[in-house]
Structures are given as structure tokens and as C-alpha cells.
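J.: sharing a model prediction with you, sequence too.
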Amino acid sequence: MDRFSWSNGLLEINETLVIQQRGVRLYDGDDKAKLDVGVALLSTHRLIWRDVKNHECCIAMPLSQILLFEEQAAGIGKSAKIVIHLQATPANKEPGPYQHSKYSFIKLSFKEHGQIEFYRRLTEEMTRKRWENTPASQILTAGRTRAVGIVGIERKIEEKRKETDKNISEAFEDLSKLMVKAKEMVELSRSIANKIKDKSYLLSMGIADPVTRETHGSGTHYHMQLAKQLDDMLQAPLEERGGMMALTEVYCLVNRARGMELLSPEDLVNACKMFESLKLPLRLRVFDSGVMVVQLQSHSEEEMIASALDNVSDKGSLTAEEFAKLLGLSVLLSKERLLLAEKMGHLCRDDSVEGLRFYPNLF
Amino acid sequence: MSFEWPWQYSFPPFFTLQPNVDTRQKQLAAWCSLALSYCRHHKLYTLDVMEAQESPVFNNKKIERKLSMEAIQVVFEELRKKGNLDWLDKNKSRCLVMWRRPEEWGKLIHQWVSKIGMVNSVFTLYELSNGDDTEGEEFHGLEDWMLLRSLQALQADGKAEIITMDDGKGVKFF
């Protein structure tokens, strides 16, 4: 079997197919060759065998290798065979399925018959020796990568295309891995955002669907809707804080509740300015110092001042911080209240290195 | 007799210039009154502004409060507007405190002159401020510059005439 060489099975120029027979198993000497059943082809120049299942498995041997051959009749459970004795391997033989063999003969086992005709034809070709007459072009029995003819060219193009494809695929492998990760991240962030949205802030505020520029556009209409939503949202917090909240506190509270689609300071101020015209029970108020607050309309500043005076008189004197602590207000708002009381003449101030204190106005 | 401090003197806000306009007016009025009565009590006729800051009038060590320089200037300006203070220099570092205005002094002096029936007589300034006869009168010990202003005020009123003599000034009352 070591006389065979790998072949693409294509006939050369001047080479003609004589006969082919299916169901042939090859034997290396007396041993079954490590090949499956295939097709045996006889041409004017060579003996070719091809695997039926795997057409790429194709081997050939020049007929000049054949020394002599004989028939072997079939037996019980044995197919008819042709035994072919071979000459020594030439030095320039192309690689084949067998590097070396201890036998110098092969057998063709005809599982599906046809050995009689094959034998007759083989005899004929071996007599005529047509391979000697017609100078066939170099019988290329080398590896399957060598190709000739248009088919060869096509095959080469095909192979190149496959190679390119493979390279591109490899190059983009990393990118697609990255894309997969990115997709995962987007999914994750979306799910987290949803979770935050669902949390207590939003539920307690009752905002399922915040007013956004998308839903309500920009401009007055947007601010009007926003004002209404603020009214709903701020009633409870304002009650808790004695009816007044600094605008900065409102800004933080509102945006924390919204989660996404945050309000800009401008939008908040513009919405608050509409409270009065929309007859909502809230008011935006600006102190002399520039501090802006949102307060309940029902909130009476006179009452607040009167009670402030009581507080101060009670304690003799108070700083803004002490007053804030007493009332549970922010220091900023408590100072505003004290200043207002001073403005109305109910309080007077003591400004020293010890700080700013307010006294009842005894002057 | 020790000086009696007004209630405001122990009230810390008294030493902070009040931003509320109405409150400030009342505060300044109280300061003017205090400054003048203090000067009257201690017979102070001039004040040095720098010294004033450390003077007990503007500095209550007990409550650890004192008027700022800015506030003192405001008080002095108020006094000047009322006619109780005159700056001695352009830099406003020294002033004359007239806890009684010249017109008021003039009136007092004229009253006394009338009382003793010395109208149409001529007095020297020294006689008026340091004479034995005037002892016991409030204007006794009045500083010359103050006396002069008072007499000038009377003069403007037509109730006196200042006469320049060889060794000083004199005045004739009408």
C-alpha cells in the first residue's frame, strides 16, 4: 500500500478513464487497508481509488508500478479479489496513506462484484501501456492543495475566501464579546433604574409618571403642569416643616423623588411662580436677603413672628441656631424669620464677637 | 453722687448699631442722652474720640460690650446735629461737648443777672464764671469758650452785648 500517493482524482490531459467500480476495498498485502470501501478507477495511466463517503480521500498509483496481477476467486463470505504485485517504490514518489508497507502487493476486494470486467480492462491497459505513448503532462499526484485547470483556480479562490472569512471572524470575535458585555451592562443598569424608581420615594410621593418635557413640552404649559404636580407633592412635606421650605430643599426633594428626568432649577422656579395664577394653595416667596422659599398659602407670617417674639422673650435672647433647634427649622429659615421680626420692630440685635443674638425690642 | 447708668447701658443690643430705622432712632436718642449726662456729671467739656472708645461711657466692661468706632462717630454726628457737639479739628479727633447748649447757658446767665437786678451792668467774663457771686450757680466754672458762645447766643438774641476791653472781654446785659 505504500506505492499509493494522495491524489485529487482529476484526470490529466491525455489521460482517459477506462473503467470504474464501486464497492472496492483495498488490502495492504493480506491485511485490510485502513481505508473504507470506495470506488476503484482505472485510467490509461493510473489506478485510482476514492473513498465513497469522503471524496477528498483519493489515492492513485501509476500503472507502471504494477509488476503482475492475478484474480482471486470469491469464497464463502469472501469477495472476489484481484491481487496486484508491485514494483519497488520510486524515489520521487509523492506521499500517500502509507509511509511504509511490509508487503509488495495489494488486493482489490470487489464487494459489489465487477471484478471480471475490471480484470479484463486492467489486462488490456497493462498490455497496451498507453501511458508510455501519450506523454501525459506531469502527473501531479501531490497533495490536495495543488490544483490545475479552471476547477483548480475556482478551488483556490474558494479557499482564499474561506481563509479571509476566518481571519475576519477571529478579529471580530473580541468585538462581539465586548458587544455582549455592553448589552449585559445596559440591561443591568436598566433593571437597577427601574428598581430605584419603584422604591419608597416615588411611592410615597405618588409619582408614577413624572411630568417631563417629552410628555408636556416646554414653555408655559409644561410649567403649569409642573406647578400642579408640585402642589400635590409638597403638601405633606410642608406640613411637617411648619409650612415653609427653602427652594433649595424643594429642589432636592423633588429631584430625589423623580429619579430620572430631573428638573432644572429654572424650571422649578418658573413653575413655582405660577402658583398664584393657578390658584394653588402654595406661594413662592423671596426674602430681602434673596432667599427663596415655598410656603403654604395658609401659612401666616404674622403668627410666626408673634410666636418668634414669644420664644425670644421666653429665653431672654436667641441666636438663629438656637431658634432653629427650638422650632425644628433649618437655620436658614429660622434666621429669615428672626430678621423679619427685627424688620417689624419686634426684635433688636446684639452683634458682637460672641455672634449675632436677637433680643426683644425694649427700646 | 455717683453716676446713674440708664437701663440701656446693661442691654447688650444697645452697643450694636440697629439696622431697623425706627429702632435705631430710639437707640441713638438714648446714646446722646447718656453721653451728655455723663459729661455733665463729670463736668467734661471736651472729648477725645480715641479716648472715648475706652471711656466707660462707650465701653461696658461688665457685659463685655462696647460701641464700635463707626457707631461712636454716628452718635457724635447725631449730637452735632442737635447742637450739642462741635468738632475742634477737621479730622474729627477732638470735640467740644455742650451738654447744655449755648442758648441754654445764655438763658441761665441772663436769668441770674435779672434776678440780682444787674441788668444794664457790665460784667467781665471772669466775674461770671469765677466770681464769688456766681458760686453755687450752674454756670460757675464754665469754661471760657463755652461762656463766650453762650454770650454770643444772647447777643444774637439781642439780650447782651460783648465788649472788648483792655484786659479782656466784658458783657453788658439788656
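T.: Okay, I see it.

J.: separation between A:Leu333 and chain B?
T.: In this view, A:Leu333 and chain B are 20 Å apart by CB to the nearest CB, to the nearest Å. (Glycine included, C-beta is placed from N, CA and C.)

J.: show me what from chain B comes close to chain A.
T.: With CB under 8 Å from any CB of the partner chain as the criterion, chain B meets chain A at residues B:7-8, B:11-13, B:15-16, B:18-20, B:22-23, B:26-27, B:30, B:64-65.

J.: low-confidence ranges in the stretch 51-200 of chain A?
T.: A:134-148, A:196-200 (pLDDT under 70).

J.: could you redo the last one with a cut-off of 80?
T.: Filtered on pLDDT under 80, the stretch 51-200 of chain A yields the residue ranges A:133-152, A:167-174, A:176, A:180, A:182-200.

J.: same check on chain B?
T.: B:1, B:166-167.

J.: what do you get if the cut-off is 70, keeping everything else the same?
T.: B:1.

J.: the helices in it, which residues?
T.: B:21-41, B:49-54, B:69-82, B:102-115, B:125-130, B:144-157 (DSSP state H).

J.: contacts for the last one next, please.
T.: Read it as helix B:144-157. B:45, B:96, B:98, B:102-103, B:105-107, B:109-110, B:125, B:128-129, B:139, B:142, B:160-162, B:169, B:171, B:173 (CB atoms under 8 Å, 6 or more residues apart in numbering or on different chains).

J.: wasn't A:Ile48 part of a strand?
T.: Yes. Assigned with DSSP: H, G, I helix; E, B strand; the rest coil, A:Ile48 falls within a strand.

J.: contacting residues for it?
T.: Shown in contact with A:Ile48 (CB under 8 Å, 6+ apart): A:7, A:9, A:40-42, A:58-61.

J.: of all these, which comes closest to chain B?
T.: Minimum distance to chain B across these is 109.8 Å, recorded for A:Cys58 (CB to the nearest CB).

J.: touching, the closest one and A:Asn8? I think so.
T.: Yes. Using CB atoms under 8 Å, A:Cys58 makes contact with A:Asn8 at a distance of 6.4 Å.

J.: skipping adjacent residues, who's closest to residue 50 in space?
T.: Going with chain A. Nearest in space to A:Arg50, with sequence neighbours left out and distances taken as CB to CB, 6 or more residues apart in numbering or on different chains, is A:Cys58 at 4.4 Å.

J.: let me rephrase: I mean chain B.
T.: B:Ser93 (6.9 Å).

J.: how much space separates B:His41 from B:Ala35?
T.: For B:His41, the distance to B:Ala35 (CB to CB, to the nearest Å) stands at 11 Å.

J.: so between these two, which is more surrounded?
T.: A direct count of neighbours by other CB atoms under 10 Å in any protein chain shown for B:His41 and B:Ala35 places B:Ala35 higher, at 25 against 13.

J.: show me what contacts the residue nearest to the more buried one when sequence neighbours are not counted?
T.: Nearest residue to B:Ala35, sequence neighbours excluded (CB to CB, 6+ apart): B:Val57, at 6.0 Å. By CB under 8 Å, 6+ apart, the contact list for B:Val57 reads B:34-35, B:38.

J.: who's in contact with residue 107?
T.: Picking chain A for this. A:26-27, A:29-30, A:72, A:81-84.

J.: the chain in question should be chain B.
T.: Going by CB under 8 Å, 6+ apart, the list of residues near B:Lys107 reads B:Leu154.

J.: just the buried ones among the residues of chain B next to chain A, please.
T.: Among those, those classed as buried by 16 or more other CB atoms under 10 Å in any protein chain shown are B:8, B:11-13, B:15-16, B:18, B:20, B:23, B:26-27, B:30, B:65.

J.: out of those residues, the closest to A:Glu240 would be?
T.: Using CB to CB, B:Asn20 is the member of those that lies nearest A:Glu240, at 32.1 Å.

J.: that closest one contacts A:Glu342, doesn't it?
T.: Yes. Using CB under 8 Å, B:Asn20 is in contact with A:Glu342, at 5.7 Å.
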